[in-house]
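J.: Provided below for reference: sequence and predicted model.
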Amino acid sequence: MRLQEIHEWGKQVRGNVEKVIVGKEEVIDQLLMALLASGHVLLEDVPGTGKTMLAKALARSLDTGFSRIQFTPDLLPADVSGINFFDMKRSEFQFRPGPVFTNLLLADEINRATPRTQSVLLECMEERQITIDGVTYPLEQPFLVVATQNPLENQGTFPLPEAQLDRFMLKISMGYPGREEGVEILRRFRSADPLASLTPVSDAAQIRAAQASYTAVTVHEDLYGYILDLAERTRSDKDLLSGVSPRGCLAMLRIVQARAALSGRDYVSPDDVKAMAVPVWAHRVLPARRGNPFERVAESAIRRIVAETPVPTESAEELGAR
């Protein structure tokens, strides 16, 4: 698939999702970036802002496998991964795959499950495989985990550890709709749910072709340095206890290439890095102090670091030069 075809593919999927989700173009674009870059997404916001609806709208737009797991404290690891059960008729063990064997997995309210159950997703998200009773099973490609959580309600929850947060390429907040968007939501959902009539506009083969091609986007040498400069500043910043890891730098590289491809460009610009710094890195750093959920200490630190770091000044022609 050529880069221009990736741009057209993104427009088609985005337009289909927007038949359900109102006024969240940037959030939809970021979800598509993660899909293109083979990453995973953590949607964090208060209840009722459309997190689950967004994931389901994307799933309906793709002719691929889809599973939803409602995470609860009594959910067991086997409920996610699957089990080996003894077949009395055949007198042998048979493997029954769990919901993780899919293309798009919605992990709803992931922080309500115990750490033992949450950890089942670690191998799946990083290595696209799962090991059960000593046998390793590859997962079908593409494989995208979209997890949701409520940042305000702490009772009965198990916060995701840093190691698992680092597996998510992006952490996105939906945010409340504006007044005009709110009116459109009421109008659109007045008589029927538009999600029910949504039909697929892409399939697994197209996604795999796009994933194999988006890395043709050019990255200028100066932009490698820019990404590293930002990452190193997070490691020594007074407001952060720990900074961005090499995995976080690689995630930034992949996501800005995906952003450029979906925007119809064959090169990455500094604006791509600046635009994605918070969603790619804010959940990977550890703030020196814990503020309330609305203060967002890590996000503020990342924005300040981006504002203070010199930006490469090459022209578009130079940035696109191979």
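T.: Nice, I can see it. Here the structure is a predicted model, which means the values were calculated and not measured.

J.: Ile83 looks like it's in a helix, true?
T.: No: if the criterion is DSSP: H, G, I helix; E, B strand; the rest coil, then Ile83 is strand and not within a helix.

J.: Could you say which helix or strand holds the nearest residue to it once chain neighbours are set aside?
T.: Counting by Cβ to Cβ, 6 or more residues apart in numbering, Arg96 is the residue found nearest to Ile83 once chain neighbours are left out, at 5.6 Å. C-beta coordinates here come from the backbone N, C-alpha and C atoms, glycine included. Using DSSP states H and E, Arg96 maps to strand 92-97.

J.: can you check Ala107 too?
T.: Counting by DSSP H and E, Ala107 is part of strand 104-108.

J.: and that strand, what does it pack onto?
T.: helix 51-61, strand 66-70, strand 144-149 (3 or more Cβ pairs under 8 Å, 6 or more residues apart in numbering; DSSP states H and E).

J.: Pull the distance from that strand to the chain's centre.
T.: Centroid displacement of strand 104-108 relative to its chain, using Cα atoms, centre = their mean, to the nearest Å, is 11 Å.

J.: Give me the contact list for it.
T.: 52, 55-56, 58-59, 62, 64-71, 99, 121, 142-148 (Cβ atoms under 8 Å, 6 or more residues apart in numbering).

J.: In the protein, where is pLDDT below threshold?
T.: Applying pLDDT under 70 to the chain flags the ranges 153-156, 291-295, 314-322.

J.: quick one, strands of it?
T.: Applying DSSP state E to the chain gives strands spanning 41-44, 62-63, 66-70, 82-87, 92-97, 104-108, 129-132, 135-138, 144-149, 170-172, 202-203, 240-242, 286-287.

J.: can you redo these as TSV with mean neighbour count?
T.: Formatted as TSV, these follow (neighbours: other Cβ atoms under 10 Å):
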stretch	mean neighbour count
strand 41-44	25
strand 62-63	20
strand 66-70	17
strand 82-87	13
strand 92-97	11
strand 104-108	23
strand 129-132	16
strand 135-138	11
strand 144-149	25
strand 170-172	24
strand 202-203	16
strand 240-242	15
strand 286-287	16
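
J.: Turn these into a markdown table, including distance to Ala163.
T.: Below are these laid out as a markdown table (distance: least, Cβ to Cβ, whole Å):
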| stretch | distance to Ala163 |
| --- | --- |
| strand 41-44 | 14 |
| strand 62-63 | 29 |
| strand 66-70 | 20 |
| strand 82-87 | 23 |
| strand 92-97 | 25 |
| strand 104-108 | 16 |
| strand 129-132 | 17 |
| strand 135-138 | 20 |
| strand 144-149 | 15 |
| strand 170-172 | 15 |
| strand 202-203 | 32 |
| strand 240-242 | 12 |
| strand 286-287 | 12 |
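
J.: Let me know which of those strands is the nearest to Thr309.
T.: strand 240-242 (14.3 Å; Cβ to Cβ).

J.: Check the offset of that closest one from the chain's centre.
T.: That offset, for strand 240-242, works out to 23 Å (Cα atoms, centre = their mean).

J.: For that strand, enumerate the helices and strands it packs against.
T.: In this structure, strand 240-242 makes packing contacts with strand 286-287, judged by 3+ Cβ pairs under 8 Å, 6+ apart.

J.: any idea how far the strand it packs on is from the chain center?
T.: With Cα atoms, centre = their mean, you get 20 Å for strand 286-287.

J.: same thing with stretch 216-235?
T.: 21 Å.

J.: Over to stretch 51-65?
T.: 13 Å.

J.: now stretch 135-153
T.: On Cα atoms, centre = their mean, the centre of stretch 135-153 falls 9 Å from the chain's centre.

J.: just stretch 131-139 next, same as before
T.: That offset, for stretch 131-139, works out to 24 Å (Cα atoms, centre = their mean).

J.: Which residues does that stretch contact?
T.: 81-84, 95, 97, 100-101, 123-124, 128-130.

J.: What's the local residue count around Glu26?
T.: Using other Cβ atoms under 10 Å, Glu26 is surrounded by 12 other residues.

J.: Return the distance of it relative to Leu241.
T.: According to Cβ to Cβ, to the nearest Å, Glu26 stands 29 Å off from Leu241.

J.: Ok, Lys171 next?
T.: For Lys171 relative to Leu241 (Cβ to Cβ), the value is 18 Å.

J.: Give the full set of residues in contact with Val256.
T.: For Val256, the contact set (Cβ under 8 Å, 6+ apart) comprises Val219, Leu223, Val268, Asp272, Val273, Met276.

J.: nope, Arg296 is what I was after
T.: Contacts of Arg296 (Cβ under 8 Å, 6+ apart): Ala282.

J.: Okay, it and Arg116: tell me how far apart.
T.: Distance, Arg296 to Arg116, using Cβ to Cβ: 29 Å.

J.: now do Trp281
T.: From Trp281 to Arg116 the distance is 28 Å (Cβ to Cβ).

J.: Point to the residue nearest the middle of the chain.
T.: Val41 (1.9 Å; Cα atoms, centre = their mean).

J.: Thank you, goodbye.
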